[in-house]
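**Q** Following is a predicted model, sequence given first.
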Amino acid sequence: MKKYLIMSAVLVFSIIVCLIDAVLQPNYFVKIPIKIVFFLALPMIFFIRNKSDFKDFKSLFVFRKRGILKSLLLGIAVYAVILSAYLLTRNLFDYSNVTSSLTEGMGITAENFLYVSLYISLANSFLEEFFFRGFGFMTLKRHTSRKIAYIFSSVIFAVYHIGMLWEMFNIGVLLLLMFGLIVGGCIFNYLNERNDNIYPSWFVHMFANFAINTVGFILFGII
């Protein structure tokens, strides 16, 4: 059945990328084509081989003005919340491992962080929205129950991030981030479900990454 095919693909591809992050720890610029393969190219095979789903695939990218302004305003609010959370907790939690993990594990430095941050905010966020929300939620929802699609895509979205976050934060912060990612995944699903495309969640995801990258600029001493 298609639902098992989609769920297996999302689970396996996410775990592969997670393990590559955690174990192999490739240079970030090496990881870019890896994510393109697992989060874009391989899922595309599903749509190419299943003609009945290709129409639904195209609908993911139909731009509709409805809901866009609300998504942008929500994105700005998310930016403010994330940045405020960092500013309020930087004296409570040790964030010193973040920059060292980025530099030693991914080759991200103060010198190339601007380029990496632009890719993360614009391109990487789009890849993840297509994979986790377009493929892992909206397409899956057409072949299984709404509840299963919500829970599955949100949990796997959070689990996928463990590979890149586990060395940066202590267990308390990591668990808090996992909870936030699951909640965020559900919100992203809801936004796309209401608008029937992936642009609303992409805009909010983009602003969330803008906030995280702003924290990165602070930690690297760039601003």
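**A** Received the coordinates, thanks.
**Q** use CA for all of it now, contacts and neighbours both
**A** Will do.
**Q** in the longest helix anywhere in the chain, what's buried?
**A** If you go by DSSP state H, the chain has its longest helix at helix 171-195. For helix 171-195, the neighbour count (16 or more other C-alpha atoms under 10 Å) marks 173-174, 177-178, 181-193, 195 as buried.
**Q** And the closest residue to Arg64 other than its chain neighbours, how close does it get to Phe188?
**A** Distances taken as C-alpha to C-alpha, 6 or more residues apart in numbering place Asn195 nearest to Arg64, at 7.5 Å, with adjacent residues excluded. Distance of Asn195 to Phe188, given as C-alpha to C-alpha, to the nearest Å: 11 Å.
**Q** now do Ile148
**A** 15 Å.
**Q** The one helix or strand Ser153 maps to packs against which elements?
**A** Using DSSP states H and E, Ser153 falls within helix 146-160. The helices and strands touching helix 146-160, judged by 3 or more C-alpha pairs under 8 Å, 6 or more residues apart in numbering; DSSP states H and E, are helix 2-19, helix 140-141, helix 171-195.
**Q** can you give me how far the longest helix of the chain is from the chain middle?
**A** 10 Å (C-alpha atoms, centre = their mean, to the nearest Å).
**Q** And the contacts of that helix?
**A** Residues outside helix 171-195 that contact it (C-alpha atoms under 8 Å, 6 or more residues apart in numbering) are 64, 66-67, 71, 93, 133, 137-138, 150-151, 153-155, 157-159, 162, 165-166, 198-201, 204.
**Q** And stretch 8-23, by the same measure?
**A** Outside stretch 8-23, the residues that reach it (C-alpha under 8 Å, 6+ apart) are 26, 34-35, 38-39, 43, 131-132, 136, 156-157, 159-164, 166.
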